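>>> next come a sequence and a model predicted from it.
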Amino acid sequence: MSVEQAVKRGRKKNRTEYIDYTLLVIIIILMAFGFVMLYSTSAYMATLKYGNSIYYLKKQMMAAGLGAVLGVFFLKVFDYHILDKFAMLIFGFANVACLAVNFIGTSSHGQSRWIYIGPISFQPSELAKMATIFMVASIVARKTKALRSFKNALKVLFMCLPLTAIIAYNNLSTAIIVIGIAGIMVFVASPEFKRFFLIILGGGAFAGIFVLLASGSYRMQRIQVWLHPENFTSDSSYQTLQGLYAIGSGGLFGKGLGESMQKLGFVPEAQNDMIFSIICEELGLFGAVCVILMYILLLWRLVLIATKAKDIFGSFVVIGIMAHMALQVILNIAVVTNTIPNTGITLPFISYGGTSIMFLVFEMFVALSVSKGLKLEEV
């Protein structure tokens, strides 16, 4: 073999093995920051409840580690196209698991969302998000031209409605994420702006009428709390107000890491949906902006991978992952700042939630797998 041939083979090998290391670094930074903030936010309450200040952190790190192990194994052993072959099977399993949680699930705050397998808890609705991404990407890859028709695009959305309805029974916020992911992916495949805009208006009007008719429901109360949180004494208004106090008291640069007062039992379950308010209190507006910029960088890398992917399936898988991330970040921050009514949306990589971070980490490795075949100069 000549020297020139060896060099060419070496270049080809390097290009094949290349992954988007910028994306990997962003993920690591976000996760590391998330662990620090989770410990800072949860240590006090974990000590009171469990006598162990790292209780929540330990469980979060174990779940993230499991997601990373599965992700690395997938990245090294499989080609991401295997997800295309099993997309419908995964989607079907997600439907069954989400339906089963209504019968054998464990309740929390009046809602059944978890299935326990021995000592391990599992939230099927988190699997549903990923399953929806794979299913829609698989359909788009097979019927790209057909989906240019608005009618066919709607058919794909209708396929997601049964799963969305099953999830909405116990978890409306996750149902919104699932149908939102599907909607964004289908819109990219069939960008009929006017028609999709009319669908969004119609859906919003239907939701508004539904809430108004259900005047005695907790959903209507959440709307009222959102409009006038100071007039209510319910847990929802208390959480919202305490979160806003935390944000307001942080100022420009915050009180300092670990110095939050609101996390000492004032903000209920601060380590979950409301952790962004503690970030604002401890790190101030500056810290909050830095977190948002990290998410923007993450989405930017996903956009690059999606646009440079060498096949439609890989491109739409990454588009779905990007939609998942964007929706959760936007909705979580909107809830914490009382821009929209309170609903249970976690902040990716930062909020406490074992199933959530496990699947998020695995999704990131799927995106890295799509980037694996790209040339270095392309990314």
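Yep, it's here. Note that this is a predicted model, so its numbers are computed, not measured.

>>> quick check, G256 in a helix?
No: read with DSSP: H, G, I helix; E, B strand; the rest coil, G256 is coil and lies in no helix.

>>> what helices or strands is the host helix or strand of I305 leaning on?
Assigned by DSSP states H and E, I305 belongs to helix 275-308. Judged by 3 or more C-beta pairs under 8 Å, 6 or more residues apart in numbering; DSSP states H and E, the packing partners of helix 275-308 are helix 21-50, helix 235-250, helix 312-336, helix 354-371. Where C-beta positions appear, they are placed from N, C-alpha and C, glycine not excepted.

>>> give the contact list for F73.
Listed by C-beta atoms under 8 Å, 6 or more residues apart in numbering, the contact set of F73 is empty.

>>> ok so I115 is a strand residue?
Yes: counting by three-state DSSP, I115 is found in a strand.

>>> which residues does it form beta bridges with?
Bridge pairing for I115 (DSSP bridges) gives the partners F122.

>>> quick one: buried residues of the helix holding I305?
Residues 275-284, 287-288, 291, 294-295, 297-299, 301-302, 304-306, 308 are the ones in helix 275-308 that count as buried (16 or more other C-beta atoms under 10 Å).

>>> need the helices and strands packed on helix 275-308 in CSV (columns: mean neighbour count).
Formatted as CSV, the helices and strands packed on helix 275-308 follow (neighbours: other C-beta atoms under 10 Å):
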stretch, mean neighbour count
helix 21-50, 18
helix 235-250, 20
helix 312-336, 23
helix 354-371, 24
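
>>> which among these is found nearest to V156?
helix 312-336 (11.2 Å; C-beta to C-beta).

>>> tell me what angle that closest one forms with helix 354-371.
140 degrees (axes from the mean of the first three to the mean of the last three C-alpha atoms, to 10 degrees).

>>> run the angle between helix 312-336 and helix 275-308 for me.
Using the same axes, to 10 degrees: helix 312-336 against helix 275-308 is 160 degrees.

>>> packing partners of helix 312-336?
Short answer (3+ C-beta pairs under 8 Å, 6+ apart): helix 312-336 packs on helix 82-85, helix 124-142, helix 172-189, helix 275-308, helix 354-371.

>>> contacts for the first one, please.
Residues from elsewhere that reach helix 82-85 (C-beta under 8 Å, 6+ apart): I90, F134, A137, S138, A141, F313, V317, V366.

>>> what's the answer for stretch 27-46, then?
52-57, 60-61, 64, 257-258, 260, 263-265, 270-271, 275, 278-279, 282, 291, 294-295, 298, 348-352, 357, 361, 364.

>>> could you rerun that using 6 Å?
For stretch 27-46, the external contacting residues (C-beta atoms under 6 Å, 6 or more residues apart in numbering) are 53, 55-57, 60, 258, 263-264, 270-271, 275, 278-279, 294, 349-350, 352, 364.

>>> would you put the C-alpha positions of that stretch in PDB?
Output in PDB follows, covering the C-alpha atoms of stretch 27-46 (Å, rounded to 0.1, in the frame of the first residue of the first chain):
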ATOM      1  CA  ILE A  27     -24.400  18.300  26.800                       C
ATOM      2  CA  ILE A  28     -21.700  17.600  29.400                       C
ATOM      3  CA  ILE A  29     -21.600  21.200  30.600                       C
ATOM      4  CA  LEU A  30     -25.400  21.300  30.900                       C
ATOM      5  CA  MET A  31     -25.500  18.000  32.800                       C
ATOM      6  CA  ALA A  32     -22.700  19.100  35.100                       C
ATOM      7  CA  PHE A  33     -24.400  22.400  35.800                       C
ATOM      8  CA  GLY A  34     -27.700  20.500  36.400                       C
ATOM      9  CA  PHE A  35     -26.000  18.300  39.000                       C
ATOM     10  CA  VAL A  36     -24.600  21.300  40.800                       C
ATOM     11  CA  MET A  37     -27.900  23.200  40.800                       C
ATOM     12  CA  LEU A  38     -29.900  20.000  41.800                       C
ATOM     13  CA  TYR A  39     -27.700  19.500  44.800                       C
ATOM     14  CA  SER A  40     -27.900  23.200  45.800                       C
ATOM     15  CA  THR A  41     -31.700  23.100  45.400                       C
ATOM     16  CA  SER A  42     -32.500  19.800  47.000                       C
ATOM     17  CA  ALA A  43     -29.900  19.200  49.700                       C
ATOM     18  CA  TYR A  44     -31.900  20.900  52.500                       C
ATOM     19  CA  MET A  45     -35.200  19.100  51.700                       C
ATOM     20  CA  ALA A  46     -33.400  15.800  51.000                       C
END
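
>>> that stretch: how far from the chain's middle?
Put simply, stretch 27-46 sits 17 Å off its chain's centre (C-alpha atoms, centre = their mean, to the nearest Å).

>>> now do the same for that stretch: mean pLDDT, whole number.
Mean pLDDT, stretch 27-46: 95.

>>> coming back round to it: and the contacts of stretch 27-46, which are buried?
53, 55-57, 60, 263, 270-271, 275, 278-279, 294, 349-350, 352, 364.

>>> need the pLDDT of I82.
For I82, the model assigns a pLDDT of 94.
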